[in-house]
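# starting from these lines, generate the structure:
(chains A and B)
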2 protein chains.
Amino acid sequence: MKNAVGRDIPCEILKGGREVFQGSNHRDGQVYQKSSPKARAHIRPQESKVAGSIREALQLCGIKDGMTVSFHHHFRDGDYVANLVMKEVEAMGIRGITIAASSMGAAHDPIGKMIEDGVVTGLQTSGIRGKMGEAVSNGKLETPCILRSHGGRVRAIEQGEVHIDIAFIGAPTSDECGNARATGGKSDCGVLSYAMVDAKYADKTVVITDCLVPFPNFPPSIQAVDVDCVVVVDQIGDPKKIAGKAARITTDPRELMMAQACAKVAAATPYFKEGFSFQTGVGGASLAVNRFLEPLMRERGIRMGWAIGGISAPMVELLEKGLVGCIVDAQDFDIDSVRSAQNNARHFEISTSQYCSPSNKGAFVNKLDFVVLAALEIDTMFNVNVVTGSDGVLMGAPGGHPDASAGAKCTIIVTPLVRGRIPTVCESVTTVTTPGECIDVLVTDYGIAVNPKRGDLSDALSAAGIALTSIEALKDKAYSMVGAPDPVEFHDRVVAIMEARDGTILDVVRQIKPFEL
Amino acid sequence: MKNAVGRDIPCEILKGGREVFQGSNHRDGQVYQKSSPKARAHIRPQESKVAGSIREALQLCGIKDGMTVSFHHHFRDGDYVANLVMKEVEAMGIRGITIAASSMGAAHDPIGKMIEDGVVTGLQTSGIRGKMGEAVSNGKLETPCILRSHGGRVRAIEQGEVHIDIAFIGAPTSDECGNARATGGKSDCGVLSYAMVDAKYADKTVVITDCLVPFPNFPPSIQAVDVDCVVVVDQIGDPKKIAGKAARITTDPRELMMAQACAKVAAATPYFKEGFSFQTGVGGASLAVNRFLEPLMRERGIRMGWAIGGISAPMVELLEKGLVGCIVDAQDFDIDSVRSAQNNARHFEISTSQYCSPSNKGAFVNKLDFVVLAALEIDTMFNVNVVTGSDGVLMGAPGGHPDASAGAKCTIIVTPLVRGRIPTVCESVTTVTTPGECIDVLVTDYGIAVNPKRGDLSDALSAAGIALTSIEALKDKAYSMVGAPDPVEFHDRVVAIMEARDGTILDVVRQIKPFEL
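Model (predicted):
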């Protein structure tokens, strides 16, 4: 059955009441009964919830075959927690586990093997990379992997489509009752936004820390009232990979040129005024946009009201210079943003629900003016792919991309026209992760195209003297440079389902065929 | 059917699966499915949720006969919000409303009339006073009023025994999307702890403010993700009655003597050590305990780890002197505590669930060392009454009394032996609001008695040279001074049910008989 972005969704995927994607606002105003966990009343006075080991915590929480466990990805490539827990699950002989993670990354290669061995048979995540991506793309996972945006994950939990039996929450500090914070200790990650929904909706919640602090550890990101037990381990992650040095802003003249073009596009719209709100991704060009925004803001004498999203050094700098009212933060990408989250009174931790869930009564993205994001591919319908590589293998993450794109008044995709021998602008993306109707402007190193449905933006940009081209012309240019790409060969079998943020089906990813020379 | 405090609970009250009280820890470890609200997905970008008036908000939320609406009592005797909303409900011709408030007070006399008129037919609250108390005690409310402790209210909501259709949350400041804070504006109340559970569990949530501030109003006590609409009114309350000047610590030598005795009792227990936790009520003697604690702490060279509960100036002073690690705050009683909540980085707002709910995975009271509380009556089984006056009329509030008493390792009741011609220590309290098994020590102006089940405390106090007597001897002394009280005359009809914090029935309150000379 064809959906609103023209993808044919196999009928077997739609069993059990699933719907195909029917436009971003199809379910706006939907009234639903929120899901809820089983909780345990703790009435008797108590001193501590500390369990002796991860195994003891697993036993206390009643781990068994077929359960769903969850993890967050605030420790990024430095995460040890998911592997520590899954190693113990495997050692206990447990099988058929579904992992419901906010994202999985390079740190989780050991879990690729557990997919092959049947320890893990289900996976629901935003990001998927490395050995796990290969295992899924090669058809090793028993059930199709479900890929969701960050907001879509919160929605799926709140609407009961994923029920977490046990949430494992790595925390830089915790007290003996489970009041957990993102700061202090040796593995600071700035915020614990992704894990907040897990703590509220999982039947059992385990906090895993390498720094036990005196009670009460306040103010907590994860509240003791939601925590069943606390485990102290030697090390929850590799601090260097959790929050490393700030990424140097690109010196690539091509990226700088594109970044400057993005800033000019933003400044040419009616939304560029006192108090505007702004989000950038952390790619080279996206990140550099901050630098070019500053002189334009000073020239107009305006300040940004709030900045949101994954935060890194350039935005912290703007805050410190007084050019931003406040930062609302759902993830930190470097040591500067971690420090700012800890110390700056105008830098606030928010939950991923507050950030971008489509199922609550109004997330921040619903009020966002601008977002500047990258793409692996973008097609002539403006559909974006950020999850499958040019070989068709899962190697990315929708993350907050579909959420911010849907909410923002002006969504700008910035990408070079070609990468190596691969055209970025193409006829049809391998996988639709963000529907084209949410994308307003494409900035490339060979020109700028506005989505035809945004005639108002075309007019505003033209009036500001910004030269525009069409996305078809950009695609033709790309193909003239590197040739039309050969279609990737897939088997029929669906290995992953890309959900739209509202839970409808945006696309499917199929098993790859081994590359033959 | 007799319960564990010897009260006979009529069978008709127990219909529908209610149980009689069977001891404070009877339901410890109970596993239950948490309740949940109906929510509305708000996907489409949006600017504002501001409704033009309270009536418009009521219409948007679909107000109709028979609904349950909720209010919080952080504005105490200065609250205008409940009356503003209920006046409009009445004007719309709506009938059969149940009010589920965290507490109702002297400010709400106009609602007494609505009980008589059938606009309000159900009432669930902690406190009940003035005209509302009289209306209920005189049998005017159609259904029995349900009285709960603060923790019991959160539990009842979390376990689905009360379902709130529309929550009305008065807030000193809010932005246009409903991020609401207790501070700023003209009606500061310090914290919004009681309202937090309402926002999370009500189908619809309306924020009512008299100070609209720029988006985002951060960090919020009530999050926009839970708010359906925002109403701006001229005045949400009378600032002088919301947070007035700090109560002067009593100069009554009798109260000072009792306060000193409480401090000495605490200091004689093994719990009086570095990092101890502490709560006092705000009555004259309870409040003065802080003053006498200070020299004892200095003498021993120890600091309080955390103080909790309703907060007032004396505890803020101890925090500022560095004698308290932090304050965790669920209600502010004066301008000093409001200012401290706003400005002191070691003064934290907590939800009432975190404070004292028996249905979560571990509230603060579960780790409390000491609480010093008042009583209207205490009987020889140590049962305490804080809700019915000597004439049998409802005029008080269990509040956090049963919660802190159940949690604390050492619960001290401080009260004069007689008040006017009424014995405070008596054979049997009019209404049991806190079961005697939760009370450890009684301090009066005529002696100190320890609950016989706490032989360990008797030993510790005796070892410290504190003279002890029995509660029977105190009762005899009281009766010898003012005579045995005449039993209050009641009709058979049950007008209020006093729930234990776990939802079992602790006692009932019956309709009063008019006093005849």
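
# output the below-cut-off pLDDT ranges for chain A.
A:515-517 (pLDDT under 70).

# gap between the most centrally placed residue in it and chain B?
Centroid check for chain A by Cα atoms, centre = their mean gives residue A:399 as the closest residue, at 1.8 Å. The gap separating residue A:399 from chain B is 18 Å, by Cβ to the nearest Cβ, to the nearest Å. (Each C-beta comes from the backbone N, C-alpha and C, glycine too.)

# residues contacting that residue?
Residue A:399 sits next to A:103, A:126, A:127, A:149, A:150, A:310, A:386 when contact means Cβ atoms under 8 Å, 6 or more residues apart in numbering or on different chains.

# which among the residues you listed count as buried?
A:103, A:126, A:127, A:149, A:150, A:310, A:386 (16 or more other Cβ atoms under 10 Å in any protein chain shown).

# out of those residues, the closest to residue B:433 would be?
Taking Cβ to Cβ as the measure, residue B:433 lies nearest residue A:150 of the buried ones among the contacts of residue A:399, at 46.6 Å.

# hang on, the closest one packs against residue A:194?
Yes - contact between residue A:150 and residue A:194 holds when scored by Cβ atoms under 8 Å: they sit 7.1 Å apart.

# in the stretch 251-400 of chain A, what residue comes closest to chain B?
Per Cβ to the nearest Cβ, residue A:360 is where the stretch 251-400 of chain A lies closest to chain B, at 3.8 Å.

# name the nearest residue to that residue, ignoring sequence neighbours.
residue B:225 (3.8 Å; Cβ to Cβ, 6 or more residues apart in numbering or on different chains).

# could you check how far the closest residue to chain B within the stretch 101-250 of chain A is from residue B:341?
In the stretch 101-250 of chain A, the residue that lies nearest chain B is residue A:225 (3.8 Å; Cβ to the nearest Cβ). Distance, residue A:225 to residue B:341, by Cβ to Cβ, to the nearest Å: 20 Å.

# same check, this time on residue A:222
Distance from residue A:222 to residue B:341, by Cβ to Cβ: 22 Å.

# again, but for residue A:65
Taken as Cβ to Cβ, the span from residue A:65 to residue B:341 is 49 Å.

# so those two - more neighbours on which side?
residue B:341 (24 against 11; other Cβ atoms under 10 Å in any protein chain shown).

# mind checking the SS state of the more buried one?
helix (DSSP: H, G, I helix; E, B strand; the rest coil).

# so what's it up against?
Here residue B:341 is in contact with B:182, B:183, B:190, B:191, B:311, B:329, B:332, B:347, B:349 (Cβ under 8 Å, 6+ apart).

# quick check on the last one: phi, psi?
Dihedral pair for residue B:349: phi -80, psi 130, per degrees, to the nearest 10.

# give the burial count for the closest residue to residue A:304 other than its chain neighbours, as a bare number.
Leaving aside its chain neighbours, residue A:304 sits nearest to residue A:324 (4.4 Å; criterion: Cβ to Cβ, 6+ apart). Neighbours of residue A:324 under the rule other Cβ under 10 Å: 23.
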